[in-house]
Structures are given as structure tokens and as C-alpha cells.
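Colleague: have a look; sequence and predicted model below, questions after that.
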Amino acid sequence: MSYKIPMIDLKEELKLIRTPILEMMTEVLDSGEYILGEKGEQLEKIIASYVQASYGLGTANGTDALLLALKALDIGPGDEVITTPLTFFATGEVIAEVGAKPIFVDIDEETYNIDPTKIEKAITKNTKAILVVHLYGKAANMKDIMDIADAYGLKVIEDACQAIGTEYNGKRVGAIGDVGCFSFFPSKNLGAFGDAGFIVTNQKEIYEKIKSLRNHGSKKKYHHSLIGMNSRMDEFQAAVLLVKFNFLDIFLHKRKEVAKRYSEDLPSILRTPDKHNNREHTFHQYCIELDKRDELASFLNNKGIATAVYYPIPLHLQEAFDYLNYKLGDFPVAEKVAKRILALPISPTLTFRDQNYIISCVKHFLQG
Ligand SMILES: *Cc1c(COP(=O)(O)O)cnc(C)c1O
């Protein structure tokens, strides 16, 4: 289905960056260096410094970034990792993938992220880490989370896949915990032209370990000291990201402007995000809440406006996690939000006119 107004308009973005991207990609083509080359190294420095982290590493995708983070922290069978049930499936999937047990903790209705007041009850002698998600680009309550982690000696991994550039108390997310993970999936706030991911850390040891793990546990060719995996960012994606990085702050600013306008013009009964808090949110998604969510979605759909639900089924109710024996009612806040949440189109290229149209259609629905 093609919409008059899509969730995000990557073709419109491409018009702005097509020429420099083709030039940069041609450089890669001519270099003959396609994996672990100059562009990737350049990107690692630039992104690490942008996130205010000491070290950065490109990976094949965001999911692998999370997987490598868990492996680097030696998390595996017998271990428990605490996380949120309201996130993309990959967050929970990687915990199970390393053989550890995902332990879900309900969300805080204000941030849509893990509720720190409920974490301590979930900690056992097997708990090794908290995997925090900054959902929709909104920072989780990192102060309380770091305090709990410190008190119990737990590691903190940040799933910042939706939150590059988001700040929390003057720090960029991803660089606050032990390891931070990003996704450069095409539709993310910084998107490649294929799969790509990124890891940041301030700890040299973790950096060295992940650098080896992403390359078959090898530091020297054909010498393997660890069981690793193949998860490197290719040079073409690095080239695309080097160009797009120059637009990141402009694009994030545009997103915030669109978000502010939504929050000013839409009735607060829709639980619109706070329009003043523009550092802790980079608006990967702009979400509203209402009981008649599905009706509004189909109303807008008929007007040519795309919407999306992130996410309709919380992780504890996903079939793949049946073996964990969670049930409906275990996490009432996440369950309620999953039924009511609706993401409206937000992209740096959304025009005033199109946004006015969206806003007037939403208001029309509420009045009808
Ligand atoms: C996109 C995303 C991922 C996975 O990233 P990929 O690059 O698609 O593997 C993980 N967690 C969250 C919260 C995401 O939004």
C-alpha cells in the first residue's frame, strides 16, 4: 500500500544526499576494500565521539550489536537479564540467543521504558545485567537504573537502537552504561542503505573483546582466541553513514520541531509527549494513546495517512517466549500501552502542509 503520507519518507531524504553518497560509494568501489576498511574506521571514531564514548565499533546490524555486548560481558546459560516487555523483539531475543533467561519488568507509563521502581523485586542471585531500551528515542530513567546496577553489581547494556543523539543529564545515551548498542537499519534516525549496527563503550577491555568477537574471535589473521561471530559493518554502509551523519543533527532538530507541533496542536487527552523536554527525546517515533486506536488508524489509513503500532504484542506474550511461562496480566502497564499506542508519521522531510493535514484528520476523528 502506498500512502500519500508515509511513516517516513526515505525517498524524499535521498534527494538531499544522493550526490555526496554516490561519490563516497564510488570511492569505496574503487578502493577494492569492502570490509573492515578506512571508511568503517573513520565512522567508528566519528560516532564514538558524537555519543561521547571512548570507543566505537561497527557491526553488521543492531541485533548483533546487542548479541556481542552480551557475549562480551560473559552472559550465558544460568544467567538472568532484566529488560522491558515493550520493545522490538530483538531485545529479548538476544538474551535467549546467548542461553540466558530474559526477565521482564513492567514499564513506566511516562517514559514507556522500564520502570526502575519495579526492578529490584526482579533481581535474583542469577541476575547479571539490565538491558535498558530507550524506546522511541526517549531516554529511560538512567539515574535510578545505574544506582540499582551499582548497588547489586549488575552490568548495564543500553539498547539505544532508536535513540542516537538522545541526551540524559547532559550525557548521550549509549555511553552511560557498560555497553551501548545502536542500529542503523534504514528507517532508524541514522539509517544505512541496508543492515548496519554500532557499539560504544568507555571500557578498553570490552572494546578489545568485541573487536575480536565480531571478527571470529580473532585479533591476528587465522589465530582465534575466542568463539566469536562474523558481524562487521561493510564499507558501503559506512560510506553512506559518513555522509548521512552530516545531516544527523539537522534531521533530529527537524523531528523535534515536528513533534513540538504535534504536541501543541493535538489535544492532551491523547497523552501527547511533553513539548518542552527536547533533550531527552529524539522522536524516532511520535506516539499518542487512545482507546479507539484501531479505529483512528483505519480512519487515517482511508485518508492516505500511514500510522504504525510499536508494538502490538509485548515480549512476554510472544509465542517464542511461551517457555518462560508469563501470562496476560503480568505487566499491566505494557499490556495497556500495547493496546492504545499509535505512532504518527514523523520524518525530517514532513512538510508543514502534510502535518496540518494529519492534525486536522486526527481532530476530525475525535470530534466525529
Ligand atoms: C531496530 C531495533 C533493534 C534491532 O536492530 P537491527 O539493526 O534491525 O538488527 C533492536 N532493538 C530495538 C529497540 C530496535 O528498534
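Modeller: On my side now, so go ahead. Quick caveat, the model's predicted, so the values are computed rather than measured. Numbers count the residues shown, from 1 in each chain.
Colleague: all helices of the stretch 1-150 of the chain, in order?
Modeller: 10-31, 38-50, 62-72, 90-97, 142-152 (DSSP state H, counting those that start in this stretch).
Colleague: output those helices as CSV; include the columns mean pLDDT and distance to the ligand.
Modeller: All C-beta atoms are positioned from the backbone trio N, CA, C, and that covers glycine. Formatted as CSV, the helices of the stretch 1-150 of the chain follow (pLDDT from 0 to 100; distance: least, Cβ to the nearest ligand atom, whole Å):
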stretch, mean pLDDT, distance to the ligand
helix 10-31, 95, 15
helix 38-50, 98, 14
helix 62-72, 98, 3
helix 90-97, 98, 4
helix 142-152, 98, 16
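Colleague: got those as a markdown table, with mean neighbour count and distance to Arg293 columns?
Modeller: Listed next are these as a markdown table, based on neighbours: other Cβ atoms under 10 Å; distance: least, Cβ to Cβ, whole Å:
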| stretch | mean neighbour count | distance to Arg293 |
| --- | --- | --- |
| helix 10-31 | 14 | 26 |
| helix 38-50 | 19 | 35 |
| helix 62-72 | 27 | 27 |
| helix 90-97 | 22 | 23 |
| helix 142-152 | 16 | 29 |
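Colleague: can you tell me which of those is nearest to Thr117?
Modeller: Of all the helices of the stretch 1-150 of the chain, helix 142-152 sits nearest to Thr117, with 7.7 Å by Cβ to Cβ.
Colleague: ok, back up a step: of all the helices of the stretch 1-150 of the chain, which one is nearest Leu266?
Modeller: helix 10-31 (23.1 Å).
Colleague: packing partners of that closest one?
Modeller: Taking 3 or more Cβ pairs under 8 Å, 6 or more residues apart in numbering; DSSP states H and E as contact, the helices and strands that helix 10-31 lies on are helix 38-50, helix 235-265.
Colleague: which elements pack onto the helix or strand bottoming out on mean pLDDT in the chain?
Modeller: Sorted by mean pLDDT, DSSP states H and E, the helices and strands of the chain end with strand 218-220, the least confident at a mean of 92. Strand 218-220 sits against helix 204-213, with contacts defined as 3+ Cβ pairs under 8 Å, 6+ apart.
Colleague: again, only using 7 Å
Modeller: Here strand 218-220 touches no other helix or strand, going by 3 or more Cβ pairs under 7 Å, 6 or more residues apart in numbering; DSSP states H and E.
Colleague: quick one: strands adjacent to whatever helix or strand comes next after it?
Modeller: Once the chain leaves strand 218-220, the next helix or strand it forms, by DSSP states H and E, is strand 223-224. In the sheet, strand 223-224 lines up against strand 218-220 (antiparallel) (DSSP bridges).
Colleague: neighbouring contacts of the strand it pairs with?
Modeller: The contact list for strand 218-220 (Cβ atoms under 7 Å, 6 or more residues apart in numbering) reads 212, 224-225.
Colleague: so if we follow the domain assignment, how does the protein break up?
Modeller: Using automatic domain parsing, the domain ranges for the chain come out as 10-245, 248-367.
Colleague: Lys275 in helix, strand or coil?
Modeller: At Lys275 the chain is in coil, as set by DSSP: H, G, I helix; E, B strand; the rest coil.
Colleague: what's near enough to touch it?
Modeller: 260, 263-264.
Colleague: so what's it scoring on pLDDT?
Modeller: In this model, Lys275 is scored at 82, pLDDT.
Colleague: just to revisit the earlier point, buried residues in the least confident helix or strand of the chain?
Modeller: For strand 218-220, burial by neighbour count (16 or more other Cβ atoms under 10 Å) applies to Ser218.
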